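K.L.:
dropping the sequence and predicted coords here.
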Amino acid sequence: MSSTFETVAGIISETADIPREQITPESHAIEDLGIDSLAFLDIAFAIDKAFGIKLPLEQWTQEVNEGKAPAEEYFVLKNLVARIDALVAAKQA
Amino acid sequence: MQGATQPSSSLWGGVGGGGVSVTLVQFIAGTPTLALPTRGRGTGFARMRLEYFEMIDQVTSLDRETKRIEVSSVVPQESPVFEGHFPGHPLVPGVLLTETMAQASGYLVLGLMGFTHMPFLMGVDKARFRTFVGPGTVLTVTASLEHEGSGYAVTKARITAEGKPICDAELRFRIMPFPEGMDGLMRAQAKRIGLLEENV
């Protein structure tokens, strides 16, 4: 399990009051964990601060709503973690 | 500022409202510091009206580089709010002090964004109320942009009176397109408090 996932899982657990053991890399933030939009903005803020990035939430949401990408691509945690790692790498490059 | 609404029918109704891409920085233009003229009361700027949620008397400065706003307000001598809070001992409710910090923050975001989108209050963290505020108190409210997220913004705000801390909080806003017709009304409000004198 990556340190990024551990950090994200900790943020979700604390922010959304979800037991840490329920959060896995396969968890879907919306469908499995029941995180709503406002809660996810709180989570995004904590992730932005923790990793020094800016999650492009609006772009992701627009793509999902327009059918250009499945929600799983962004909101299953292993995929979210991969995107966070990519944003961090891009920032460091 | 009001609580955020959540339109439905799509993923979360669209984070930030319809997925419209927003950044604060891209709207920042013009002079780095908007130094607004200070005027005495009774010369055009309205007074704080608690019962109408008109919490800001006057914007005194908006600094685009530090992303900070300062506003002033004078608590009225009389208000229906004081009839209940508290009988015989008038104090501004903490919820209205929070609203005052939220409105200052909201005008900061509106000013930085050039009034293209509307910030709706969605979270209040670390709120502390350090002393009482009674009628006639002159309030200085400051707010600074702490974080610009995708579809949201975070500010830190505080109120002081004669240099002494009254309250402070971290506030979060959801940034959404203006509901139909609200744009002009918010501009009118901003003009009332002196924010739009220089065509923000």
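P.N.:
Looks like it came in fine.

K.L.:
I'd like the average pLDDT over the lengthiest helix in chain B.
P.N.:
Secondary structure of chain B read by DSSP state H shows that its longest helix is helix B:94-113. Across helix B:94-113, the average pLDDT comes to 97.

K.L.:
same question for stretch B:188-196.
P.N.:
pLDDT averaged over stretch B:188-196 equals 90, rounded to a whole number.

K.L.:
residues near the closest residue to chain B within chain A, how many?
P.N.:
Here the residue of chain A nearest chain B is residue A:62; by CB to the nearest CB that distance is 2.8 Å. The C-beta positions use only the backbone N, C-alpha and C, and glycine is treated the same way. The number of residues packed near residue A:62 is 21, by other CB atoms under 10 Å in any protein chain shown.

K.L.:
what packs against the helix or strand hosting it?
P.N.:
Residue A:62 belongs to helix A:57-65 when elements are defined using DSSP states H and E. Counting contacts by 3 or more CB pairs under 8 Å, 6 or more residues apart in numbering or on different chains; DSSP states H and E, the secondary-structure elements packed against helix A:57-65 are helix A:37-51, helix A:72-75.

K.L.:
check contacts around residue A:86.
P.N.:
In this structure, residue A:86 makes contact with no residue, judged by CB atoms under 8 Å, 6 or more residues apart in numbering or on different chains.

K.L.:
residue nearest the centroid of the chain?
P.N.:
Assuming you mean chain A. Taking CA atoms, centre = their mean as the criterion, residue A:80 is the residue nearest the geometric centre of chain A, at 4.5 Å.

K.L.:
where in the chain is pLDDT low?
P.N.:
All of this is about chain A. For chain A, the stretches flagged by pLDDT under 70 are A:1.

K.L.:
oops, I was thinking of chain B
P.N.:
The low-confidence ranges in chain B, as defined by pLDDT under 70, are B:1-46, B:197-200.

K.L.:
winner for burial among the helices and strands packed on helix A:57-65?
P.N.:
Most buried of the helices and strands packed on helix A:57-65, by mean neighbour count (mean count of other CB atoms under 10 Å in any protein chain shown): helix A:37-51, with a mean of 20.

K.L.:
which outside residues touch it?
P.N.:
The contact list for helix A:37-51, computed with CB under 8 Å, 6+ apart, reads A:4, A:7-8, A:11-12, A:14-16, A:29-30, A:35, A:53-55, A:57, A:84, A:87-88, B:4, B:6, B:12-13, B:15, B:122-123, B:147, B:149-152, B:154, B:172, B:174.

K.L.:
next, the angle from that helix to helix A:57-65.
P.N.:
What separates the directions of helix A:37-51 and helix A:57-65 is an angle of 130 degrees, with axes from the mean of the first three to the mean of the last three CA atoms, to 10 degrees.

K.L.:
can I get the CA coordinates of helix A:37-51 in PDB?
P.N.:
Listed in PDB are the C-alpha atoms of helix A:37-51, where the atom choice follows Å, rounded to 0.1, in the frame of the first residue of the first chain:
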ATOM      1  CA  SER A  37     -20.000  16.700  -2.900                       C
ATOM      2  CA  LEU A  38     -19.500  19.000   0.100                       C
ATOM      3  CA  ALA A  39     -17.600  16.300   2.000                       C
ATOM      4  CA  PHE A  40     -15.500  15.700  -1.000                       C
ATOM      5  CA  LEU A  41     -14.600  19.400  -1.300                       C
ATOM      6  CA  ASP A  42     -13.400  19.100   2.300                       C
ATOM      7  CA  ILE A  43     -11.300  16.100   1.400                       C
ATOM      8  CA  ALA A  44     -10.000  17.900  -1.700                       C
ATOM      9  CA  PHE A  45      -8.900  20.800   0.500                       C
ATOM     10  CA  ALA A  46      -7.000  18.400   2.800                       C
ATOM     11  CA  ILE A  47      -5.400  16.600  -0.100                       C
ATOM     12  CA  ASP A  48      -4.400  19.900  -1.800                       C
ATOM     13  CA  LYS A  49      -2.800  21.000   1.500                       C
ATOM     14  CA  ALA A  50      -1.100  17.600   2.200                       C
ATOM     15  CA  PHE A  51       0.400  17.200  -1.300                       C
END
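
K.L.:
how far off centre is it?
P.N.:
Its chain's average C-alpha position is 8 Å from that of helix A:37-51, according to CA atoms, centre = their mean, to the nearest Å.

K.L.:
do you know how far the residue of chain A closest to chain B is from residue A:74?
P.N.:
Relative to residue A:74, residue A:62 is positioned 11 Å away (CB to CB, to the nearest Å).

K.L.:
could you do residue A:89 as well?
P.N.:
Residue A:89 is 17 Å from residue A:74, where distance means CB to CB.
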